[in-house]
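Give me a model of this one.
(one chain, ligands or ions: 1)
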Amino acid sequence: MARKIHTLAGYIHEYQRSILDPDAFWTQIAETFHWQKNWSSVVEWEFETPSVKWFVNGKLNITENIFERYLHTKKNKPAIIWEPNDPKEASITLTYLELYEKTCQFANVLIKNGVVKGDRVIIYMPMVPEAAIAMLACARIGAIHSVVFAGFSANSLSDRINDCKAKMVLTSDGNFRGAKTFPVKEVVDEALKTTSTIEKVIVLERTKTPVNMQKGRDFWWHEELEGVSKENIAETMDSEDTLFILYTSGSTGKPKGVVHSCGGYMIYTYYTFKNVFQYSDDDVYWCTADIGWITGHSYIVYGPLLEGATTLMFEGVPTYPNPGRFWAIVDKYKVNQFYTAPTAIRALEAYGLDPVLPYKLDSLKVLGTVGEPINEEAWHWYHDHIGKGRCPIVDTWWQTETGGILISPLAGITPTKPAYATLPLPGIQPIIVDNDGKELKGNSVEGNLCIKYPWPGIIRTTWGDHDRCYQSYFSQFKGLYFTGDGVKRDEDGYYRILGRVDDVINVSGHRMGTAEVENAINEHPKVIESAVVGYPHPIKGQGIYAFAICDMSDRSEDNLKNEIRVTVSNIIGPIAKPDKIQIVPGLPKTRSGKIMRRILRKIANGEHDNFGDISTLLDPDVVEKIIEDVDSAS
Ligand code: PRX
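Just a heads-up that it's a prediction; the model follows:
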């Protein structure tokens, strides 16, 4: 096993080593894995076009490093513990051996249905063990999975299918979420009306929601498994072959398909999981994310399983059947590491301590957060009432594009500081630049967060459009990966993430491109033009505030706002629904027609003056009119 860091001095030593000789540092970690063929060089890279390759010419299969690597020592160890939505339903535990057999068997189902290495398979499923099995089965045969969060609309799903020209969809009849059931297959049917590449759909029976099964296209999961072997020889993958595509929102246009490759992602998720959470062999680890997001990929499935850990998967929501559910699950399984989003913490904090007090929570050793900045107040509540002052909080900063955690404390090893992601992990070289790209050296500086040297989990390309990868991350500051985040390095050298500096809003830890939401709003026939900005929201971190110019001739304002929300929900999904809509007579624009979002952002933030120079506006009066009517936003 690659060395786990045990002390602060150990961290400092490993960090130095990783910077002075990255090849030796990563070699030592990668050598503990099973490679079918060794790599010829550790890393070959440039950030100009960009091109990044790790463990060049190495051959491997990530699932061999989860299963074959552990079967002689851990075959009876729980790999996945699954807790259903309904606490009265039985939970499921899959040992490493059972998960291995199910993965192999489903890999054979994929093969039987014509999926071959390199094909794209969409996974649009609830949080059930089969979703993880589906990912692993794809990885086993070299098919590229693209998990789409099951809360996205039919339109979003079909966009993703079309972008990656997927051949198969794996889905379920329905999805239990708290007291509700969602008809997942129905959404797939709707999406497939506007796609042409899907040959087969395999449907898991979960909710027994009635579904239409199209003959020759749709097949039941359990029927497909009948008589299929539980043995499968893993496909040989090149280190740089694509492992998966995950779509994420950017500041412009449609979501882009972030591409991660096999070798580097494997090493990076493993190493970061092990060290950030300080996992020990008998621990039960729980990350509450959905597998539709990168956190679910890296820290429910791949990172923990590559470490041979026990990872808990929860199907439901934190408030069902009551807001003590998370804490009940922690006690039920004696969870040792608990990893969630600040939004969930704030939402549960709002219920007070009554839902927490019945639970012991004494198994907890480490608490984690991810996805958005955590405010100091929520940090203290989490620390005091959930961790009982005993558990270090790892505030982990990273992105879909980074594959794994880049800046975070190592639990119990390096210091924590409320609201700070603190220090870079070994191998990570952050750099802060001003808007002209000049490096801001030393401490007590604030600017744009970039990374100047590759790490194994870095994005390789955006699917089907490499230039978009360059434009999105490598064009702003020459020779650097630009994260899109603002950051402060304080007097002690600790990093505090300040939030996005581009046109991306982070709603409950989920990324929304303002342009994407505007495009959806503009689809409503009565909307003439719109502009979307983020504003501080007490639970969600940021809420979506839409300013819209509308034809109001035949609708009440309330009706129109409702219709706009439905439109956005249909086009993107309920998570993109604006929290506030203000109907406005005009938008502040420069003479060249560019919307001055800076002004709208201030208005949405409750600031009604100090707009700076607005003389360049086409119609400066419009700002006054918007402010006068700001209370109508709802
Ligand atoms: O703005 C940062 C914020 O989430 C963005 C990445 O979003 P996504 O790709 O959806 O990945 C979320 C899960 C890794 C970042 O650019 N973010 C993520 N973690 C933190 C954070 N902001 C502050 N603190 C964090 N710990």
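
So Lys102 lies in a helix, does it not?
Yes: when DSSP: H, G, I helix; E, B strand; the rest coil is applied, Lys102 is found to be in a helix.

With adjacent residues omitted, what lies nearest to it?
The shortest distance from Lys102 to any non-neighbouring residue, by Cβ to Cβ, 6 or more residues apart in numbering, is to Ile133 (5.0 Å). C-beta coordinates here come from the backbone N, C-alpha and C atoms, glycine included.

what residue ranges in the stretch 501-634 of the chain score low on pLDDT?
Within the stretch 501-634 of the chain, no range satisfies pLDDT under 70.

Indicate the residue of the stretch 1-150 of the chain located nearest to the ligand.
Phe149 (10.6 Å; Cβ to the nearest ligand atom).

what about that residue, neighbour count?
Burial of Phe149, expressed as a neighbour count using other Cβ atoms under 10 Å, amounts to 19.

Is it correct that it is in contact with Gly292?
Yes: taking Cβ atoms under 8 Å as the definition, Phe149 is a contact partner of Gly292 at 2.8 Å.

Contact residues of the stretch 401-550 of the chain facing the ligand?
Proximity of the stretch 401-550 of the chain to the ligand is confined to 421, 483-485, 497, 499-500, 506, 511 under the rule Cβ under 6 Å from any ligand atom.

Kindly recompute the last result at 8 Å.
Remark: the part of the stretch 401-550 of the chain in contact with the ligand comprises 401-402, 405, 407-408, 421, 483-485, 497, 499-500, 504, 506, 509-511, using Cβ under 8 Å from any ligand atom.

Sitting in helices, which of these do you find?
Residues from those lying in helices, with DSSP state H as the criterion: none.

Any quick PyMOL command for the buried ones out of the residues you listed?
This is how PyMOL selects the buried members of those, with burial counted by 16 or more other Cβ atoms under 10 Å:
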select buried, resi 401+402+405+407+408+421+483+484+485+497+499+500+504+506+509+510+511
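
Which ones among the residues of the stretch 401-550 of the chain next to the ligand lie within strands?
Residues from those lying in strands, with DSSP state E as the criterion: 483-485, 497, 499-500, 504, 506, 510-511.

Between which two of those is the distance greatest?
Checking these against each other with Cβ to Cβ, the farthest-apart pair comes out as Thr483 and His510, at 16.9 Å.

show me the contacts for whichever residue of the stretch 451-600 of the chain sits closest to the ligand.
Taking Cβ to the nearest ligand atom, the ligand has its nearest neighbour within the stretch 451-600 of the chain at Ile497, 3.6 Å off. Applying Cβ atoms under 8 Å, 6 or more residues apart in numbering, one finds that Ile497 lies in contact with 373, 397, 407, 421, 449, 485-487.

and which of the residues you listed is nearest Gly253?
The nearest member of those to Gly253, counting by Cβ to Cβ, is Asp485 at 20.1 Å.

Against Thr295, how distant is the residue in the stretch 301-450 of the chain positioned nearest to the ligand?
With Cβ to the nearest ligand atom, the shortest gap between the stretch 301-450 of the chain and the ligand falls at Thr400, namely 3.4 Å. For Thr400, the distance to Thr295 equals 9 Å [Cβ to Cβ, to the nearest Å].

Show me which of those two is the more surrounded one.
Neighbours of Thr400 and Thr295, each counted by other Cβ under 10 Å, are more numerous for Thr295; the result is 26 against 20.

what's the closest non-adjacent residue to the more buried one?
In space, not counting the residues next to it along the chain, Thr295 is nearest to Ala289; the distance is 3.7 Å by Cβ to Cβ, 6+ apart.

For the one you found, which residues are in contact?
For Ala289, counting by Cβ under 8 Å, 6+ apart, the contacting residues are 295-296, 299-300, 339-341, 370.

next one: Ser408
By Cβ under 8 Å, 6+ apart, the contact list for Ser408 reads 276, 394-398, 421-423, 425.

Turn those into TSV, including secondary structure and pLDDT.
Putting these into TSV (DSSP: H, G, I helix; E, B strand; the rest coil; pLDDT from 0 to 100) gives the following:
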residue	secondary structure	pLDDT
Val276	helix	98
Val394	strand	98
Asp395	strand	98
Thr396	strand	98
Trp397	strand	98
Trp398	coil	98
Ala421	coil	98
Thr422	strand	98
Leu423	coil	98
Leu425	coil	98
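
Narrow those to those that are buried.
For the contacts of Ser408, buried by 16+ other Cβ under 10 Å: 276, 394-398, 421-423, 425.

Contact residues of the stretch 101-250 of the chain facing the ligand?
Taking Cβ under 8 Å from any ligand atom, the part of the stretch 101-250 of the chain that reaches the ligand is made up of 248-249.

ok and the residue in the stretch 101-250 of the chain nearest the ligand?
When distances are taken as Cβ to the nearest ligand atom, the stretch 101-250 of the chain reaches nearest to the ligand at Thr248, 5.3 Å away.

who touches that residue in this structure?
Under the criterion of Cβ under 8 Å, 6+ apart, the contact partners of Thr248 comprise 255-256, 258, 294, 400-401, 511.

on that earlier part again, the residue of the stretch 301-450 of the chain closest to the ligand is in contact with Ile294, isn't it?
Yes: under the contact definition of Cβ under 8 Å, Thr400 touches Ile294, with a separation of 4.3 Å.

hey, what's in contact with both of the two?
Contacts common to Thr400 and Ile294, judged by Cβ under 8 Å, 6+ apart, are 246, 248, 258.
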